[in-house]
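1. Predicted structure and sequence below. I'll ask about it afterward.
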Amino acid sequence: MTLLESLKRHTTVVADTGDIDAINKYKPQDATTNPSLIYQAARKPEYAGLLDDAIQYAFRSPGERAAQREAGMDKLMVNFGCAILKIVPGRVSTEVDATLSFDTEGTVRKAQRLIGLYETAGIARQRVLIKIASTWEGIRAAERLEREGIHCNLTLLFSFAQAVACAEAGVTLISPFVGRIYDWYRKERGGEDIPPDKDPGVSSVTRIYNYFKKFGYSTQVMGASFRTVEQIIRLAGCDLLTISPDLLQQMETVQGEVKRCLSVETARSSEESQVHMDEKTFRWLHNEDAMASEKLSEGIRKFNADTRKLEEFARTKADAMLAA
């Protein structure tokens, strides 16, 4: 048995990529995308048809050029999601624009728009998770969307405060970023490697998982942003783990048994005490976590930058189509 096969006995495996061929190869249950992954995939010739269709959709959309470009970007994200859902039996995560990270109303409208496009394409909303940055405003948007039956994946999650606020809001799923947490602490140590049993990213997800299970929150925990196979193995038993194709490849080629590390039984015996996360408490505790504050801001900026790159790539191709 390979490590990947063994892991699937304990945890739902999700592919962290926009590369449809990679998803087809590793047969995950779900798949997650983000602007950075879609930007990488959209430039590949094999996915030109998805981009061309989105551009044609933009041309047909009403409004000024800015509104048409936005419509085309929405359609491109949904086109990739629909293509992925032809392969995976479960769900796909599609992210709202990072510029809406501090805009509750804008996030709600964008999510409704994306779900509308999916439903027009014949995809039930139960198969889609709307990815939203785990800001206070994003969490409030997700709370409203969940009441409408639009399920959410709260991303760029680095602090315990973010996790608790998401659970109290009743969001479907959170994605704590293991690797980016590790990166920050490793940099703080002058680039020195951190022993696997002291990995701060793994510890963060373990704490969140134990807290959710101990106090009966329905929100699922999906560890994300892994750097090594060791990090993945140490979170076996987590509800879901989203893994990049290169690490899926490593796990598929190595024989071995993965033992469960997280479980509801051990979570119930953890020492966590229950807390309530109102806005003042959230903002203070998140601010006190230097790593989480820095990585959330950095993540929003990076996703925004890659979205703008994707827009420019699509605009260049659209201009070429008009000139032809």
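-> Structure received. Numbering: from 1, shown residues only.

2. Does residue 153 touch residue 175 like I think?
-> Yes - in this structure, residue 153 is within contact of residue 175 by Cβ atoms under 8 Å, at 5.9 Å. No exception for glycine: its C-beta is placed from N, CA and C like everyone else's.

3. Now for the two: what residues contact both?
-> For the pair residue 153 and residue 175, residues contacting each of them under the criterion Cβ atoms under 8 Å, 6 or more residues apart in numbering are 32, 131, 222.

4. I'd assumed residue 243 was in contact with the last one.
-> Meaning residue 222. No - counting by Cβ under 8 Å, residue 243 is not a contact partner of residue 222; they are 10.3 Å apart.

5. Next, show the common contact partners of the two.
-> residue 14.

6. What's the separation between residue 29 and residue 199?
-> In this structure, residue 29 and residue 199 are separated by 25 Å, where distance is defined by Cβ to Cβ, to the nearest Å.

7. Can you pick out the residue with more neighbours from these two?
-> Using other Cβ atoms under 10 Å as the criterion, residue 29 and residue 199 rank with residue 199 on top: 25 against 15.

8. List the contacts of that one.
-> Residue 199 makes contacts with 178, 182, 230-231, 234, as judged by Cβ under 8 Å, 6+ apart.

9. hang on, residue 242 packs against residue 32?
-> Yes - using Cβ under 8 Å as the test, residue 242 is close enough to residue 32 to be in contact (4.9 Å).

10. Distance across stretch 184-199, terminal residue to terminal residue?
-> 11 Å (Cα to Cα, to the nearest Å).

11. thinking again about what came up before, mind checking which of residue 242 and residue 32 has more residues around it?
-> For residue 242 and residue 32, the more surrounded residue by other Cβ under 10 Å is residue 32, and the numbers stand at 28 against 22.

12. what sits against that one?
-> Shown here is residue 32, whose contacts under the criterion Cβ under 8 Å, 6+ apart are 14-16, 92-93, 129, 131, 153, 175, 222, 224, 242.

13. what about residue 130, which SS state?
-> The three-state label for residue 130, taken from DSSP: H, G, I helix; E, B strand; the rest coil, comes out as strand.

14. Actually, residue 155.
-> Bear in mind the rule, three-state DSSP; under it residue 155 is strand.

15. and it, bridged to which residues?
-> Beta-bridge pairing for residue 155 (DSSP bridges): residue 133.

16. How about residue 242?
-> residue 14.

17. separation between it and residue 138?
-> Applying Cβ to Cβ to residue 242 and residue 138 gives a distance of 18 Å.

18. Over to residue 45?
-> Here residue 45 is placed at a distance of 35 Å from residue 138 (Cβ to Cβ).
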